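Engineer: the following comprises the amino acid sequence and a computationally predicted model.
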Amino acid sequence: MAAEESTASIADFEKSLDELEKLVNDLERGELSLEQSLSAFERGVKLTRECQQALKTAEQRVEQLVENSDGTLETKPFTPDESD
């Protein structure tokens, strides 16, 4: 079940990111009316927040495999600030 949710959330993230890229392209072309531009901007803000939340959730799930001094392996949360 967790793998299905993960796959679904990845697909949702990619779909949202694709839509966001299309909105940005549409806005950059400058061919939208003011009302369409405002609507696209509002949708873009919503999609950006959804993508940021999805990335935050994914980041919380990442773990690293480390070897202890006795040779055993264990997982611990990944923290990007740690030096090797």
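Structural biologist: Done, it's in.
Engineer: did I read that right, residue 58 in a helix?
Structural biologist: Yes: assessed with DSSP: H, G, I helix; E, B strand; the rest coil, residue 58 lies in a helix.
Engineer: could you measure from it over to residue 31?
Structural biologist: 35 Å (C-beta to C-beta, to the nearest Å). Bear in mind the C-beta positions are built from the backbone N, C-alpha and C, glycine included.
Engineer: buried ones in the host helix or strand of residue 25?
Structural biologist: Applying DSSP states H and E as the criterion places residue 25 in helix 2-29. Neighbour-count burial for helix 2-29, with 16 or more other C-beta atoms under 10 Å as criterion, is recorded at 13, 16, 20, 23.
Engineer: pLDDT on it, on average?
Structural biologist: Per-residue pLDDT over helix 2-29 has a mean of 84.
Engineer: and for stretch 74-82?
Structural biologist: pLDDT averaged over stretch 74-82 gives 73.
Engineer: what's the answer for stretch 46-57, then?
Structural biologist: Mean predicted confidence for stretch 46-57 is 91.
Engineer: for that stretch, list every residue counted as buried.
Structural biologist: Result for stretch 46-57 [16+ other C-beta under 10 Å]: buried residues 47, 50, 51, 54.
Engineer: give me the distance between the third one and residue 27.
Structural biologist: To residue 27, residue 51 is 17 Å away according to C-beta to C-beta.
Engineer: which one is the residue nearest the centre of the chain nearest to, not counting chain neighbours?
Structural biologist: Closest residue to the average C-alpha location of the chain: residue 55 at 3.2 Å, with C-alpha atoms, centre = their mean. Distances taken as C-beta to C-beta, 6 or more residues apart in numbering place residue 13 nearest to residue 55, at 7.6 Å, with adjacent residues excluded.
Engineer: next, the contact list for that neighbour, please.
Structural biologist: 50, 51, 54, 55, 58 (C-beta atoms under 8 Å, 6 or more residues apart in numbering).
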